[in-house]
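Peer 1: everything below, folded, please.
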Amino acid sequence: MIRPLLTKDWRGLFRSPLIFLLLAGFLLIVNYLFVLLMLTVGMDGFMPVVLDNIANLSLVLVPVLVLKLVGEEWVLGTDEWLLTQPIRPIQVIIAKFWAVFLTAAFFVGLTFCNLGVLAYFCDPAWGPIAAGYLGVFLFIAVLAAIGIAISVWARSAMLAAGGTFVVGLLLM
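Peer 2: A predicted model of the protein is given here:
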């Protein structure tokens, strides 16, 4: 029963122009930093800095996704509709978590194209890069879980986004 909710949330996110503006800004900043660091630092050891910047951008990205996803339910009044359906509230929460996580992971996954450029110009150590990306995905999962938990507790989308950002800063 989670799949229809996840599909509804995923489609709702990608119908918004805000997501495409976030995607363009995210990729613009990441790719700019990738090229800048590759040219200035050199081929050795610049990828951890890029991954750190991706994690820092995720610190802004995930609260905005939580704000959009949770705030939309309250503005449209569909939160009451969701709670009256024959599904458990935990299923709604899990679907919201997966929608936020998969959207942010999609954003980060698009940065894998940079690895092709990196592989073309040098022979990088793939182990640390894979571990760095795993760390970024786990950080996104933690931020998404914290954001959804705060939004359920506070019933305010702005408080959930702000709380997610503050807790994420404390975790960094």
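Peer 1: centre-most residue in the chain?
Peer 2: Centrality entry for the chain: nearest residue to the mean C-alpha point is Ala104, 2.5 Å, by Cα atoms, centre = their mean.
Peer 1: residues contacting that one?
Peer 2: Neighbouring residues of Ala104 by Cβ atoms under 8 Å, 6 or more residues apart in numbering: Ser58, Leu61, Val62, Leu65, Ile140, Leu143, Ala144. C-betas here are computed from N, CA, C, even on glycine.
Peer 1: where does the closest residue to Met47 other than its chain neighbours land in three-state SS?
Peer 2: Spatially, and ignoring its direct neighbours in sequence, Met47 is nearest to Ile129 (5.4 Å; Cβ to Cβ, 6 or more residues apart in numbering). The assignment at Ile129 comes out as helix when based on DSSP: H, G, I helix; E, B strand; the rest coil.
Peer 1: re the thing from before, redo the contacts of Ala104 as CSV? Include secondary structure.
Peer 2: As requested, the contacts of Ala104 are arranged in CSV below (three-state DSSP):
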residue, secondary structure
Ser58, helix
Leu61, helix
Val62, helix
Leu65, helix
Ile140, helix
Leu143, helix
Ala144, helix
